[in-house]
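Peer 1: coords below, sequence missing:
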């Protein structure tokens, strides 16, 4: 998932998507531990997507704090 696509999501959608991605990553890791995955690079892709989602959430939180400080 690209960063520009993530920026278009609402905060609720990001939280929902983050939860889904984390569950999928856990499943992939467990399956990979039992028997090797056909494409282990999927794990890397999920980790990067999770990091992008978390980064966007953090940016929105900080942006909200900046707006609050400006109003005081």
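Peer 2: Arrived safely. Keep in mind that this is a model prediction, so the values were computed, not measured.

Peer 1: quick one, longest helix in this structure?
Peer 2: helix 41-71 (DSSP state H).

Peer 1: show me where pLDDT drops low in this structure?
Peer 2: 72 (pLDDT under 70).

Peer 1: which residue is the nearest non-sequential neighbour of residue 49?
Peer 2: Of all residues not flanking residue 49 in the chain, residue 1 sits nearest, at 5.1 Å (C-beta to C-beta, 6 or more residues apart in numbering). Backbone N, C-alpha and C define where each C-beta goes, glycine included.

Peer 1: what's around residue 46, how many residues?
Peer 2: With neighbours defined by other C-beta atoms under 10 Å, the count for residue 46 comes to 19.

Peer 1: so the closest residue to it other than its chain neighbours, which state does it fall into?
Peer 2: Excluding the flanking residues, the one nearest residue 46 by C-beta to C-beta, 6+ apart is residue 25, at 4.3 Å. In three-state terms, and counting by DSSP: H, G, I helix; E, B strand; the rest coil, residue 25 is helix.

Peer 1: please tell me how far residue 25 sits from residue 38.
Peer 2: With distances taken as C-beta to C-beta, to the nearest Å, residue 25 is found 17 Å from residue 38.

Peer 1: which one's more surrounded, those two?
Peer 2: residue 25 (17 against 6).

Peer 1: need the contact list for that one.
Peer 2: 43, 46-47, 50 (C-beta atoms under 8 Å, 6 or more residues apart in numbering).

Peer 1: highest neighbour count among the residues you listed?
Peer 2: residue 46 (19 neighbours).

Peer 1: that residue reaches residue 28, doesn't it?
Peer 2: Yes: using C-beta atoms under 8 Å, residue 46 is in contact with residue 28, at 6.4 Å.

Peer 1: tell me the angle the helix or strand encompassing residue 28 makes with helix 41-71.
Peer 2: Per DSSP states H and E: residue 28 is located in helix 11-34. In terms of direction (axes from the mean of the first three to the mean of the last three C-alpha atoms, to 10 degrees), helix 11-34 departs from helix 41-71 by 150 degrees.

Peer 1: go through helix 11-34 and flag the buried ones.
Peer 2: Across helix 11-34, burial judged by 16 or more other C-beta atoms under 10 Å covers 14, 17-18, 21, 25, 28.
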